[in-house]
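[1] Kindly return the folded structure for what I paste below:
(chains A and B)
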Amino acid sequence: MPVVILHPNLLRKMTGVETTDEKLKEDLFNLGLEFDGEDEDGNFQLEFAPDRLDRLSTEGIARSLRYYYGQDRGVFIPPLNPPTWTIFLRHPILHKRPYVTGAIARGIKLDDSILKSLIQLQEKLHDTIGRGRAKGSIGIHDLSMIKTTETSDGMSSISYRGTVPSEPSFVPLGLKEELTPEQVLESHPTGKKYTKLVDGDQQFPAFFDDLGLFSLPPIINSARTEVTIDSRDLLIEMTGTDQWTIDRMLNIICYALEAHGATLEEINIQTPDGTVRKPDFSIDTKNIDHARIEQVLGTRFSPNDVIDLLERSGLDGKAIVPPYRGEISPQESQYRVAIPPYRVDVLHPLDIIDDIGRTYGFHKLKPRYPAVATIGGRTANSSLERAIRQVLIGSGFEDLLNFNLTNKTENFSKMKLKGGIEAYGYHDPVEILEPYSAEYTIIRTWVLPSLLMVLENNTHRAYPQNLIEIGFTAKLDPTKDTGVGENHAIAATITHSQASYEESKSKLQVLCQRFNKRLETLPISHPTFIEGRTASIVIDGEPKGILGEIHPEVLSLHGIELPVSAFELSLNSFI
Amino acid sequence: MTIKLPQNQKIVFETISLTEEKTFDQISEETNLKSEYISGASFALEEQGLISITTHPISEFSLTDEGSHYLQHSLPELRLYEAVRLLGELGTKFDLPQAIDKSSLDKNEVSVALSNYARKDYGTINQGKIVSSREFDIQSDPEQVALTSINQGTEIDQSVIARLESRGLININQLTKRSVILTKKGASERKKGVQISKSITSLTPQMLSQGNWEHLEYTTYNVEAEAAPHIGGRVHILRETAEKVKDTLVSMGFQEMEGPHADSEFWINDCLFMPQDHPARTHWDQFALSVPPAQNLPPDLVKKVQSAHLNGVGTDGDGYHSPWSEDVALGVDLRGHTTSLSMRYLSGQAIGHLEPPQRFFSVEKVYRNDTLDPTHLLEFFQIEGWVMAENLSVRDLMGTFTEFYRQFGITNLKFKPHYNPYTEPSFELFGEHPRTGKLIEIGNSGIFRDEVLRPLGVTCDVMAWGLALERLLMLMYGFEDIRDVHGTLCDLQLLRSTEVSY
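    Have a look, this model is predicted:
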């Protein structure tokens, strides 16, 4: 889960509530933010589930706490001044990153901790809703460093357009020398990190003012417009592949800046299709039924309770069924709920019921066992597997549980299996496309290799080691919908100084007898086993598995110094 | 009158010497009787005052893993000494890091080497400098020699034993050996001759068929003696826990589900209302497989799921602002959760249309492409359960899980509000550890969203939860490294010695 870092003192300052660290942690837990330690500067590290992206920063968490403490109620919309800046979308239009949005924030008072908090918010938004900057990326600039000529109506403008990778040169953030866009990708650390987002493109997206390029989204800003603690007026620009997404990211940023005393100002976005104003602080509404709230939370509420809970959640609610005989009949009530523009998580009325539940306190609800009668039972396969396991354990086997993932060396080479031979266990394996570890690259095609690995890792433990595993195997099978043939197999190994073919066969005989299956063991060759001591297991006339004494070369590849006899057969032999 | 002794006692009695103490083993060798008979007979003879038994405490030494390591690679201080000597003359000051580097000691070995170097008077270590001050053959170091002796079972220099034990290089096992010698009474009785009493060592089928067992006496055994070890069969402890979970859920009215391990992303993710650009849907989190796209997805269902993603569900529902394509849905992965099975069952595709009420569960393998560590495996068992009924509330969810966890000794459940893309409300479950009393996370739960249920054709409520079986096992047994139990690195001794749970 993502982690957000915040300073408890800045948080207290912003909520205006003096609390002990312990109380603060408890309040944060109730908001769904779990304390996960402190860094050396005394900052809290908080784990959070990535739904409330407005709580990715101290500012957003402070707002939620103010609602929680009852200092704020209802939806808050910050005032917006009319635009004095325009962003022109100019040719060439960028098809890969066509959407843009922005805002101006004036008169902000920054210090180190506020600046850090804003940078974190930007990073976390990039990582979550921005999908690693691919879907949405943010640039914040010192407005006073952006140079344009005012037009007669007092408007200033910048442009967003494509530029070729080889020009122009600009000084990217964190450096002193000028680089072209393609040089940034090659040599700047941030450039290298995000290369894949623009790599190979003929046109790179960029913002320009009269002095040239000042932002190369989604990669980096220019050093010229860098925000410092002395910056007062800020330009926020965002670009991406989805308008709604970048508009919401912008709203979250604007609310955070407003919380530090900034006055927000709209920006005109002028495209060939016309002009729109951003940010978009329009309020979304959803209708919810009183009955559904009571049903989901399992509790009775009065309409006033519901409206109170909505307001304490930072929402607004209005009953929209008129009073019946002068009173609202709660069961028939509906509420029109207003949702503030920084929320990205409310897709459905149920999400509002969750808010009501959180504000009411889920911990106040009393568990009850649902009065619903059903009949329990196991699947036939699961019952069969258990019955087989019980018979084998009665024969003295130790049951094991290994991984279904393995690699070709263990599954084939160390068992002396190779291509061109038809042998039990040799199938085209299902492979993992991008494995983390060379040890786990395929799904095993048979179970015996896993038992041999256990023997290999337990040579220091007491013998006999008579092991079984009833486990999953898979192979490529184009006749299946998924292209994967799935199977379960029963494997057994007997290991001690006298281990023999006969002992394995006698255990197999008992198993077949218990399930009334006719067992034949016909001579066969198999590279894993000693020639002349290997048999094909035939159950009721169908070949189902392999039985024999393991070849000494296989034992030596596993570092096993005692003879091993073994069998493996398909679980479906017993159906 | 001559004394009468059972056969074994007579044999032992006649083997014991008046002048020389003999151990049980020696007597066993001379008489060809098993040692448990020797001890039984000897104690009986001692009781009659015919022999006397002396006990000798003896120590048996064995190397610890660390000791074995040093047996092979030499003690760290010796390797350090050797490294210093390789650097140059006796008495010359060398940089300590240089010497350490030369010695190829690992971090732990370095501290062992430093603390023993000066103690053994090989030289001095001062202010980052190391000096060797005497010439000697490292093969003759008494501690090193003792390690070899212990390994070979030869004579051991007793003066270093305490040191080796305090260094944790050897284990000392205290045993008792008994030896016997004839008493004067025994000697004089033996002179008079010994008769065999009618007592017998084993009951034979013949005795039973002839009915003469009535007149027999039985030789006494040392019933307190330890019997020979036996490795019995047993169910794997994780399987045992899985079976207990299954039994518990069946008793609560849940039916078991089954289904494919390799499945389309459609069933694994899309049905669960996971946006296709969700960070958890990258190859870094799930195992994509080397097979062509899945076939035969139900086209109606695909359309409805797509619409839920793009437009939401219900008059006031919104969709995601994320792209959705059927190609992504057709990719085949190893399932990251068994909720894919729940989706197949709820859709009616698994066993036909389901009418409420229903309860279903599975305890099956799931796969996560992640790094392995003591508490995280690439594959583990997920306990998945759901209840389908009209008008379910979060209180029903809380009640069901409270009952389930109570069966495993986990009480005082706490429900922390949480976020999942597929449930709302959602809760992380916390419970009190059955032994430590600490609050620990034990699962994830919630009520399936309308965006999940409506496309599947379910019009009532479904609440669901999941948790890792391994987590339950670790809580119940206090294991710290799950790899000791699950997988090919398992320790047979641990599996054998863990207490049975039921």
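
[2] which bits of the stretch 401-550 of chain A sit near chain B?
    Residues of the stretch 401-550 of chain A that fall close to chain B, judged by Cβ under 8 Å from any Cβ of the partner chain: A:401-405, A:430-437, A:440, A:443, A:450, A:453-454, A:456-458, A:461-462, A:464-466, A:472, A:474, A:476, A:478, A:481-484, A:486. C-beta: built from backbone N, CA, C; applies to glycine.

[3] In helices only, show me those.
    Cross-referencing these against helices under DSSP state H gives A:450, A:453-454, A:456-457.

[4] Save those as a markdown table, and put in pLDDT too.
    Output for those, formatted as a markdown table (pLDDT from 0 to 100):
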| residue | pLDDT |
| --- | --- |
| A:450 | 98 |
| A:453 | 97 |
| A:454 | 97 |
| A:456 | 97 |
| A:457 | 96 |
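
[5] Which member of the residues you listed is positioned nearest chain B?
    For those, the residue nearest chain B by Cβ to the nearest Cβ is residue A:453; the value is 3.7 Å.

[6] Return the set of buried residues in stretch B:19-34.
    By 16 or more other Cβ atoms under 10 Å in any protein chain shown, the buried positions in stretch B:19-34 come out as B:22-24, B:26-28, B:31, B:33.

[7] what do you get for stretch A:23-32?
    For stretch A:23-32, a neighbour-count test (16+ other Cβ under 10 Å) marks A:24-25, A:27-28, A:30-32 as buried.

[8] So for stretch B:101-121, what gets flagged as buried?
    Buried residues in stretch B:101-121 (16+ other Cβ under 10 Å): B:102-103, B:105, B:109-110, B:112-114, B:116-117, B:120.

[9] for stretch B:454-474, that is, sorry about that
    Here stretch B:454-474 shows B:454-456, B:458, B:461-474 as buried, counting by 16+ other Cβ under 10 Å.

[10] so of the residues you listed, which ones are in helices?
    B:454-456, B:469-474.

[11] Show me the domain layout of the chain.
    Just so you know, I chose chain A. Domain assignment for chain A by automatic domain parsing gives A:3-69, A:80-278, A:287-336+A:346-364, A:380-574.

[12] wrong one, I was asking about chain B
    Per automatic domain parsing, the domain ranges recorded for chain B read B:3-61+B:174-218, B:65-140, B:239-260+B:336-497.

[13] would you turn these into TSV with distance to residue A:304 and mean pLDDT?
    Formatted as TSV, the domains of chain B follow (distance: least, Cβ to Cβ, whole Å; pLDDT from 0 to 100):
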stretch	distance to residue A:304	mean pLDDT
domain B:3-61+B:174-218	79	83
domain B:65-140	67	85
domain B:239-260+B:336-497	21	91
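
[14] Just the ones in strands from the residues of the stretch 401-550 of chain A next to chain B, please.
    A:405, A:443, A:465-466, A:472, A:474, A:476, A:484, A:486 (DSSP state E).

[15] re the thing from before, filter the buried residues of stretch B:19-34 down to the ones in strands?
    Judged by DSSP E, those include B:22-23 as members of strands.

[16] Format the buried residues of stretch B:19-34 as CSV; extra columns: distance to residue B:189.
    Converted to CSV, these look like this (distance: Cβ to Cβ, whole Å):
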residue, distance to residue B:189
B:22, 18
B:23, 23
B:24, 21
B:26, 22
B:27, 18
B:28, 23
B:31, 19
B:33, 20
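
[17] Count the neighbours of the nearest residue to residue A:281 once chain neighbours are set aside for me.
    The spatially closest residue to residue A:281, leaving aside those adjacent along the chain, is residue A:341, at 4.7 Å (Cβ to Cβ, 6 or more residues apart in numbering or on different chains). Residue A:341 is flanked by 22 other residues according to other Cβ atoms under 10 Å in any protein chain shown.

[18] Could you pull up the residues touching residue A:341?
    Residue A:341 sits next to A:77, A:248, A:251, A:279-284 when contact means Cβ atoms under 8 Å, 6 or more residues apart in numbering or on different chains.

[19] Would you verify that it is located in a helix?
    No. Per DSSP: H, G, I helix; E, B strand; the rest coil, residue A:341 lies outside any helix segment and is coil.

[20] mind checking pLDDT for it?
    With respect to pLDDT, residue A:341 scores 96.

[21] ok, which residues in the stretch 1-150 of chain B are in contact with chain A?
    Checking the stretch 1-150 of chain B against chain A by Cβ under 8 Å from any Cβ, there are no hits.

[22] still on that earlier bit, comparing the domains of chain B, which comes out most buried?
    domain B:239-260+B:336-497 (a mean of 20; mean count of other Cβ atoms under 10 Å in any protein chain shown).

[23] Brilliant, that's me finished.
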